[in-house]
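> Pasting the sequence and the predicted model now:
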Amino acid sequence: MSFLELQNITKIYPNGTKAVNETSLNIDNGEFVVFVGPSGCGKSTLLRMIAGLEDITNGEISLDGNVINNIDPSERDVAMVFQNYALYPHMSVFNNMAYGLKNRGISKEEINNKVNDVAKLLEIDQLLTRKPSMLSGGQRQRVAMGRAIVRNPKIFLFDEPLSNLDAKLRNQMRLEIKRLQRQMGVTSIFVTHDQTEAMTLGDRIVVINNGVVEQVGTPKEIYSKPYTKFVAEFIGSPQMNLFNCKIENGIAHIADMRINLNNSANIDDASLGIRPDDILISDNGQHTCVANLVEYLGSDMIIYSKIGDQEFSCKLSSKINLNAGDTFKFDISNTLVHLFDNTNGSRV
Amino acid sequence: MTKYISSTINHFILSIGLLIMVVPIWIIFASSTHSSLFINTNGLQFFLGDNFIDNYSRVLFKQSGFFNEITALKMFLNSFVMATGIATLSVITSLMAAYGLVYFKVKFATFIFWLIFITLLVPLELRIMPSYIVMSKLNLVNTFAGLILPISASAIATFFFRQFYKSIPDELLEAAKLDGTNSWSFFIDFLIPLSKTMIAAVFIFMFVFGYNQYLWPLIMTTSEQYWTVVMGLKTMYGSISDRFAFVIMSMIPPVIIIIFLQKLFIQGIFQNK
């Protein structure tokens, strides 16, 4: 039996919106799971149902062997870090962290020790007497984490905690969250719409779209073998190229380009996906295209081009000398392509 | 240069405003320090006289009223008790009413709120007979409870607190829930400290409102023992300088409350920001 089990969880709001639909998921003890999906896909709702902040319309959630559907949030032993931190503005950093412990009737001395230990761990021990209004964004983030850590809960829930930070700080905090999670080994669920965060943080990623789980897997699995067209497009940056095409006897027809897929598939309406960095540019490539636009990114560059009327991009080392307007030759290897059936969006 | 000129003009206008406000009070104060005889012969005075201690101590401790049953000091005490009672009770009731309306799943909460709000259209003067009958049936005539209770529920204060609670982000409640608060401790540990500034403002407002009550204490009291300052102002028959001294003293309690709470008010603004 898993540590956290979601069974056929459904959430329908009073106005009839179905936010989460029949979702089942098992999470093991100590695992770091990331819920990722576009905004409004139901990932936050799912997290809030685990926290107990949202009623469950249907289904069952069990934590550590106990069904927690009707258990009060304070008794579920979960801690949450909110997007806007939700620090208590009238309390000092120390009291922010100590409040949950006080409510549990823990002795003053023990609270002192715990808060000081966690503050040291997060390097906020200099700030304990300050009010949240006197802290920077990054410091507030740390206090919010500290408030969660100090309670030593069964599960950490993170609801897009990095989205209010600037890019540099975000990367730094991302690493720190990962390090802390490893160090403490507490089961964690992290909600984000940012696929980079999802890829770097998660032991496993749950890709959610329209209230439905599209795929669950390790970052590597999700990246290299997306089950659906949605996952293929959502994960990876720059986005995977998807060509609408017709497959006849294992040969894909994209405009006047032919790619041998080495199988015997026949699909009228298919999508052929290839990641921008899987397009192999070489002087003796089979296909020729014109670079319409070149984006220079330092070590890499992205070239935008067209096959027929379908745009695509390829990512290559910026050491190659290629400018907008130049023609280039490339190959597409049939081992690196992803084939989806457009009728249901699933992988073939 | 233009900045300097505009700032001079601004200060000039402000100074005139200040003088318009302060000069009459100063004249009353200065006049109250002269003997009545001197004022009657020489008119209002702009400079201080030497009867300050004489006049003020006489006014404070002299038995006055129709039956000479009350001193000005007792009137101050009565007014202070009444105003503090009204301010305290209205802060407590409106805080709690707003809490109930915003944070509990009360059916028709908006309707109930507007019902409360509509009572603004029914001031005490309109409901003075029924209010008096209720109080007298409860045997509360000539008591502080009778003076305080009928005016201690404030719709406008409830409105202020309700709007303020609505502006508090939901995440705060959610974070507190996960930290194990119940509805009582959320009120005590979060809403009250967060609304410190509002409480100070409402308290000042209601204190002055209670202090200024005239009609209600006039009707509710038959014993001179419960006379308030405002009633005293009306019935104070003494020499002219005594009356001036009484007027000046009658301004002191609200001013003290405002000065005292203003500190808290400003403090609160900086802490809660």
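The structure has been received and is ready for your questions.
> distance of residue A:224 from residue A:235?
10 Å (Cβ to Cβ, to the nearest Å). C-beta: built from backbone N, CA, C; applies to glycine.
> Among those two, which residue is more densely surrounded?
For residue A:224 and residue A:235, the more surrounded residue by other Cβ atoms under 10 Å in any protein chain shown is residue A:235, and the numbers stand at 24 against 14.
> Chain B contacts on chain A?
A:51-53, A:72-74, A:78-80, A:82-84, A:86-90, A:99-100, A:103-104, A:131, A:133, A:147, A:151 (Cβ under 8 Å from any Cβ of the partner chain).
> taking those residues one by one, which sit in strands?
Within these, residues falling in strands by DSSP state E are A:78, A:79, A:80.
> nearest to chain B, of the residues you listed?
residue A:80 (5.5 Å; Cβ to the nearest Cβ).
> Any idea how many residues pack against that closest one?
With other Cβ under 10 Å as criterion, residue A:80 counts 29.
> Run through the residues that contact it.
Shown in contact with residue A:80 (Cβ atoms under 8 Å, 6 or more residues apart in numbering or on different chains): A:47, A:51, A:148, A:156, A:157, A:158, A:159, B:174, B:175, B:178.
> Tell me if I'm right that the third one and residue A:78 touch.
Going back to what we said before, that points to residue A:148. No - with contacts counted by Cβ atoms under 8 Å, residue A:148 stays clear of residue A:78, the gap being 9.1 Å.
> okay, and the common contacts of the two?
residue A:156.
> before we move on, the earlier item: sort out which of the residues of chain A next to chain B are buried, if you could.
A:51-53, A:73-74, A:78-80, A:82-83, A:86-90, A:99-100, A:103, A:131, A:147, A:151 (16 or more other Cβ atoms under 10 Å in any protein chain shown).
> helices and strands of chain B: which one has the lowest mean pLDDT?
Lowest by mean pLDDT, DSSP states H and E among the helices and strands of chain B is strand B:63-64, with a mean of 74.
> ok, the helix or strand that comes right after that strand: who's next to it in the sheet?
Sequence order places strand B:70-71 as the next helix or strand after strand B:63-64, per DSSP states H and E. Strand B:70-71 has the following strand partners under DSSP bridges: strand B:63-64 (antiparallel).
> What sits closest to the closest residue to chain B within the stretch 101-250 of chain A if chain neighbours are left out?
Residue of the stretch 101-250 of chain A nearest chain B, by Cβ to the nearest Cβ: residue A:103 (3.6 Å). Nearest in space to residue A:103, with sequence neighbours left out and distances taken as Cβ to Cβ, 6 or more residues apart in numbering or on different chains, is residue B:180 at 3.6 Å.
> My guess is that neighbour contacts residue A:104. True?
Yes - counting by Cβ under 8 Å, residue A:104 is a contact partner of residue B:180 at 6.2 Å.
> returning to that earlier point: out of the buried ones among the residues of chain A next to chain B, list just those in helices.
A:51, A:99, A:100, A:103, A:147 (DSSP state H).
> could you dump the residues you listed to CSV with pLDDT and distance to residue B:263?
Formatted as CSV, those follow (pLDDT from 0 to 100; distance: Cβ to Cβ, whole Å):
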residue, pLDDT, distance to residue B:263
A:51, 93, 41
A:99, 94, 27
A:100, 92, 32
A:103, 91, 32
A:147, 94, 31
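> what ranges do the helices span in the stretch 101-250 of chain B?
For the stretch 101-250 of chain B, helices defined by DSSP state H, counting those that start in this stretch occupy the ranges B:109-118, B:128-137, B:144-148, B:155-166, B:170-178, B:183-186, B:192-194, B:196-211, B:215-220, B:229-235, B:240-272.
> So which of those helices is nearest residue A:214?
helix B:170-178 (27.7 Å; Cβ to Cβ).
> The closest one close to chain A?
Yes - under the criterion of Cβ under 8 Å from any Cβ, chain A is reached by helix B:170-178 at B:171, B:172, B:174, B:175, B:176, B:177, B:178.
> what's the farthest-apart pair in those residues?
Top of the distance list for the residues of helix B:170-178 next to chain A (Cβ to Cβ): B:172 and B:178, 11.2 Å.
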